[in-house]
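Peer 1: Here is my input; please provide its structure:
(chains A and B)
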Protein chains: 2
Amino acid sequence: MAVNLASPTPDDLLAVPGVTLAAAAAGIKKWTRNDVLLVQLAPGARVAGVFTQNAFAAAPVQLCRQHLRQTHDIRALVVNAGNANCGTGAAGLKAARSTCEAVATLLACDATQVLPFSTGVILEHLPAEKIVAVLPDAAARLDGSPQAWDQAAQAIMTTDTIHKAASKKIELNGTAVHITGMAKGVGMLEPNMATMLAYLATDAAIAPALLQTLVKEVADASFNRVTVDGDTSTNDSFLLIATGQTAVAEIVSADDARFPALRAALIDVAADLAQRIARDGEGATKFVTINVTGASTVEEAHSVAKKIANSPLVKTALFASDPNLGRVLMAVGNALPALDTSKVNIWFADVLVVENGGRAGSYREEDGQRVLAPAEISMRVDLARGTAQTTVWTCDFSYDYVKINAEYRT
Amino acid sequence: MAVNLASPTPDDLLAVPGVTLAAAAAGIKKWTRNDVLLVQLAPGARVAGVFTQNAFAAAPVQLCRQHLRQTHDIRALVVNAGNANCGTGAAGLKAARSTCEAVATLLACDATQVLPFSTGVILEHLPAEKIVAVLPDAAARLDGSPQAWDQAAQAIMTTDTIHKAASKKIELNGTAVHITGMAKGVGMLEPNMATMLAYLATDAAIAPALLQTLVKEVADASFNRVTVDGDTSTNDSFLLIATGQTAVAEIVSADDARFPALRAALIDVAADLAQRIARDGEGATKFVTINVTGASTVEEAHSVAKKIANSPLVKTALFASDPNLGRVLMAVGNALPALDTSKVNIWFADVLVVENGGRAGSYREEDGQRVLAPAEISMRVDLARGTAQTTVWTCDFSYDYVKINAEYRT
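Peer 2: This is a model prediction of the structure:
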C-alpha cells in the first residue's frame, strides 16, 4: 500500500515532442504483463545520465556509460523489468549488447546510439532473445501520446505497487516547453547518484555539456534525497533527455536567462517522482520528510538526515506512530560523533520535542503521538552549527517490508 | 527466541577473587525484577574501559570517562536497567553522580572511585532516588559466588531474552587465573568501541597502561564484531577489570611471556559473550557468521562484512533461508565502489556461489537452500586484493524485529 499515492492517468501526463514509446510483454518472469519498454528519440535529442556507484554495476549500466562516452546522439532506450543483468560477466554484456543491436537494426541507427536498462533479480542470466523477439512489434507501435507514457511507466515496474510518472508545462520566452518523467523503485533503494530507473524528458534544447551538469544537479535535488532501506542498487540509472523539438533556441550556459526556470521545473518533476518512490517504499505505511538545518555543510546535513532515515529503530518506531525521541537522538549522535549536542533542537511536525540536546520542557507525549499519527510525517533537526540544510524523503519499516523481502524471489 | 543459546547456570560460572556483586529491585520501570546491580572491587583492582562514540553519550558514560581520567583505582560499579539516563543534561549528570555518592558512602571510598552505568529508554529522567534507596540492602549482600554473577547478569537485561555470562580458567606459571564476564544487549546494537554493557573481570594483575591497550584489543576482537541493526547505542560501555588477587606477579608489558595466553583467554570469553548478543538479537531466528578475506586492510574487510551484516535486504533473505546471492553482491559493491569485481568469490558455508564476480558455474540453487536452512549460517567473501581478513557476527531480520521495536515503549 503506497502512502497517499494514486496511479497517474494519461490525463496527468503530457507528450514530449521528439519522444515516442511502446511497451511489450516478453515474459521475462512468469508473468503476462508488459515488461519491456522501447523508447525512440528524434534526431537532435541530447541525453545525459548518472548511474549507480555500486562496484557491481550491472551490464546495462556499463554499456550506458560506454555508449554515452562515445556519443550524446542517443536515438533509443531499451528497458526490461524482471532481471537486472548484474553479476553476469561477459555473457551479460553480450546479452545487453544484443538488445541494443536489435534496436539499432529496427530503428536504423548505430548500436552505440541505444542505451539499455535492466531491473529485477541480480545474478541471473538475462534471456535477451525474449526481448529481441518482441522488439519488432514494439517498434511498429511507437507512439508519443500520454497513453504511451502511462503504459511505459507500468512496463518498467518490479515490486512497485503503483506506476510513477509526472508532467509539467512551462513557458520560456512565450514558447511552451514540456517535461514528462517516469521512475520505478521501491526497495534496494538509497540512490547514490540516481534512483533505480528514472527518465526525465523535455522538448527544450540543452547543450550536451550543460545537460551533463544539469543531470547531476537534478539528481541531487530529487532522487539522491530518497532512501527506503539504505541499500544502493546495482542498476540505478537516471537519464535526462532534451529533444530540442520546440522553437526555443538551445540553452548552452547556466547563465542563460531561461535556464533557472527550466532547471526549477525539471527539479520539480524529478522531486515529485522521487517522493512517489518513498511513498511506494516496500511495506510503507508512512511517508516521512526529514529536514536537517543548521549544518556546517550540505554533506553533513545529508549524512544526519540519512542516518535518521535509515535507522531500523527510528523506522519501526514511526511504523508504530511512537514518538520515541531517543532513537532520533541516537541516530543524530551516530552521524556526527563530535557534535556539540547541547545546541541540538528537534521538532516532530511543529512540536518541539528536543531542546538544547535534552527533552523539551514544553513537550507532552500526547502532542508527539498526535503529530506522528497521520500517514504523512515530518521532522526537523537543527544542529545550530552552520547554515547548510537538506531534506530527505523516506518511509517507515513495517511487517510488510520483511514479508515482501523474505518472499521476493519465490 | 535466541538462536541456539541457553541461559548460563551458576555451574557455568567462576568466582573472580576481588569481585563481589549484588542485584536489587528498584522498580525503575513497572516491573518487579531486579534492575540494579552493585559491584564492589577489592583494593588494588585496576579497571579500563571503552565507551560509545555516539555524540549523545549518556550521563553515566560521561561520568565513567571523567572518573577513569582521575583514577584507575576503581572500587565499585553501579548499574541500572530500564532507563538510559541519556539526553538528560545537567539533571542527568546530577542523578548519576548521586548514585555514585551513595555507593561511595556505603563502601567507604570516594565518589570518583565509582563508575555508573545505565541502559534502557533514552531521553527520560532517571529516578536516582529509587536506585539510592535499594543500595544499602545490596551493599549488605555483596557476594563473590557464581550465583551472584548469574543474578548480576540477569539484573542488567532490558529486552534480552536470555542473560549472558561466561567464564574461563587458565594457568599462568602454574597459578590458576579466573576470567568471568557478563554482557547485555539485543538491539540498537552496532558497538563502536564496545557493546551496550559488558564487563570482563580477571584476578590476574595487569598494569594500568597495558590494561588500557588491552581493553581496546579485546573489544576489537569481540564486541566490535557484532551488529544487530547498525544502530550504535548512546550507552555502550565495556569494562575490563583486573583484580590482581592471585599469586601471579603483575603483568606490565605486552612482551611478558604470560601475556599472550591471558590475552587469548580474555578474547575467548569476550567473543563468547559477543556471539551470545548476536544470538539473542531482537527477533533473531538465525545466527550468522560473516568472514571477509583477501582485503587490503582489516578496516576494509570490516566495512564489507558490516555492509552485508546490516543490509535489510540480506537480513530478510536470511530470515527466509533464501539464497538470494544478488543481495550479498550488492552489499559488497556498495561497501567498496572501486572494487575489481571480477576476482570476487563468495561461499555460503562450503558452497561456492559466486565465482569471479558472477554466479558460480557449479552452483545449484538446492545447495544454497540446504546450507541456509539451519539456524547457524556462515558465509565467506574473498576480495582477492590483499591478505587482511575479519569475522563479524550478526542475526537475521524477522517479523519479530519489527514487532519488538514497534512496541518497545508500550
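Peer 1: What's the local residue count around A:Val328?
Peer 2: Neighbour count of A:Val328, defined by other Cβ atoms under 10 Å in any protein chain shown: 27. In short, each C-beta sits where N, CA and C put it, glycine included.
Peer 1: quick one: it and A:Met379 touch, right?
Peer 2: Yes. Using Cβ atoms under 8 Å, A:Val328 is in contact with A:Met379, at 6.9 Å.
Peer 1: Show me the common contact partners of the two, please.
Peer 2: A:308, A:346 (Cβ atoms under 8 Å, 6 or more residues apart in numbering or on different chains).
Peer 1: Now do the residue of chain A most remote from its centre, the pLDDT please.
Peer 2: In terms of distance from the mean C-alpha position of chain A, A:Gly361 ranks first, at 40.0 Å (Cα atoms, centre = their mean). pLDDT for A:Gly361: 91.
Peer 1: Check the secondary structure at it for me.
Peer 2: coil (DSSP: H, G, I helix; E, B strand; the rest coil).
Peer 1: List the buried residues in stretch A:232-244.
Peer 2: For stretch A:232-244, a neighbour-count test (16 or more other Cβ atoms under 10 Å in any protein chain shown) marks A:232-244 as buried.
Peer 1: can you confirm A:Ser378 is in a strand?
Peer 2: Yes. Counting by three-state DSSP, A:Ser378 falls inside a strand.
Peer 1: The residue of the stretch 201-350 of chain A found nearest chain B: what's its closest spatial neighbour, skipping adjacent residues?
Peer 2: Distance from chain B to each residue of the stretch 201-350 of chain A (Cβ to the nearest Cβ) is smallest for A:Gly326, at 2.4 Å. Closest residue to A:Gly326 apart from its sequence neighbours, by Cβ to Cβ, 6 or more residues apart in numbering or on different chains: B:Ile122 at 2.4 Å.
Peer 1: Equivalent analysis for A:Asn405, please.
Peer 2: B:Thr316 (3.7 Å).
Peer 1: Return the residues in contact with that neighbour.
Peer 2: B:Thr316 touches A:401-402, A:405-406, B:396-397, counting by Cβ under 8 Å, 6+ apart.
Peer 1: Could you rerun that using 10 Å?
Peer 2: A:187, A:229, A:282, A:401-408, B:322, B:324, B:327, B:396-399, B:401 (Cβ atoms under 10 Å, 6 or more residues apart in numbering or on different chains).
Peer 1: Filter those down to the buried ones, PyMOL style.
Peer 2: Filtering the contacts of B:Thr316 down to the buried ones (16+ other Cβ under 10 Å) takes a single PyMOL command:
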select buried, (chain A and resi 187+229+282+401+402+403+404+405+406+408) or (chain B and resi 322+324+327+396+397+398+399+401)
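Peer 1: so A:Ala133 sits right up against A:Gly27, yeah?
Peer 2: Yes. Between A:Ala133 and A:Gly27 a contact is recorded at 9.4 Å, counting by Cβ atoms under 10 Å.
Peer 1: what is in contact with the two at once?
Peer 2: By Cβ under 10 Å, 6+ apart, the residues touching both A:Ala133 and A:Gly27 are A:36, A:127.
Peer 1: Would you agree A:Gly49 is in contact with A:Phe238?
Peer 2: Yes. A:Gly49 is within contact range of A:Phe238, at 6.4 Å (criterion: Cβ under 10 Å).
Peer 1: tally of neighbours for A:Thr246?
Peer 2: Residues near A:Thr246, counting by other Cβ under 10 Å, number 19.
Peer 1: Equivalent analysis for A:Pro374, please.
Peer 2: Considering only other Cβ under 10 Å, A:Pro374 is surrounded by 14 other residues.
Peer 1: Now it: which helix or strand?
Peer 2: In the assignment (DSSP states H and E), A:Pro374 maps to no helix and no strand.
Peer 1: ok, the closest residue to chain B within the stretch 101-250 of chain A - contacts?
Peer 2: Distances between the stretch 101-250 of chain A and chain B by Cβ to the nearest Cβ are smallest at A:Ile122, namely 2.4 Å. Contact analysis of A:Ile122 by Cβ under 10 Å, 6+ apart lists A:56, A:58, A:83-88, A:188, A:233-235, B:324-330, B:333, B:359.
Peer 1: next one: A:Asp382
Peer 2: So A:Asp382 contacts A:291-295, A:343-347, A:354, A:389 (Cβ under 10 Å, 6+ apart).
Peer 1: And for A:Thr391?
Peer 2: Counting by Cβ under 10 Å, 6+ apart, A:Thr391 has contacts A:221, A:225, A:271, A:289-293, A:301-302, A:305, A:378, A:380.
Peer 1: any residue of stretch A:9-29 up close to chain B?
Peer 2: No. Stretch A:9-29 stays clear of chain B (Cβ under 10 Å from any Cβ of the partner chain), getting no nearer than 14.4 Å.
Peer 1: now do stretch A:263-278
Peer 2: No. Judged by Cβ under 10 Å from any Cβ, stretch A:263-278 stays clear of chain B, getting no closer than 15.2 Å.
Peer 1: Can you mark which positions in that stretch are buried?
Peer 2: Here stretch A:263-278 shows A:263, A:265-278 as buried, counting by 16+ other Cβ under 10 Å.
Peer 1: now it, how far from the centre of its chain.
Peer 2: Between the centre of stretch A:263-278 and the centre of its chain there are 8 Å (Cα atoms, centre = their mean, to the nearest Å).
Peer 1: Same check on stretch A:199-211?
Peer 2: With Cα atoms, centre = their mean, you get 18 Å for stretch A:199-211.
Peer 1: Find the nearest non-adjacent residue to A:Leu41, please.
Peer 2: Using Cβ to Cβ, 6+ apart, the closest residue to A:Leu41 is A:Arg75 (5.5 Å).
Peer 1: how far away is the one you found from A:Glu355?
Peer 2: In this view, A:Arg75 and A:Glu355 are 58 Å apart by Cβ to Cβ, to the nearest Å.
Peer 1: who's more crowded, the two?
Peer 2: In this view A:Arg75 and A:Glu355 are compared by other Cβ under 10 Å, and A:Arg75 has more residues nearby, 22 against 17.
Peer 1: Of the contacts of A:Thr391, which belong to helices?
Peer 2: Among those, the residues falling in helices (DSSP state H) are A:271, A:301-302, A:305.
Peer 1: For B:Pro323, see how far away the residue nearest to A:Asn405 is.
Peer 2: In terms of Cβ to Cβ, B:Thr316 sits 13 Å off from B:Pro323.
Peer 1: which intervals of the stretch 51-200 of chain A have sub-threshold pLDDT?
Peer 2: A:189-196 (pLDDT under 70).
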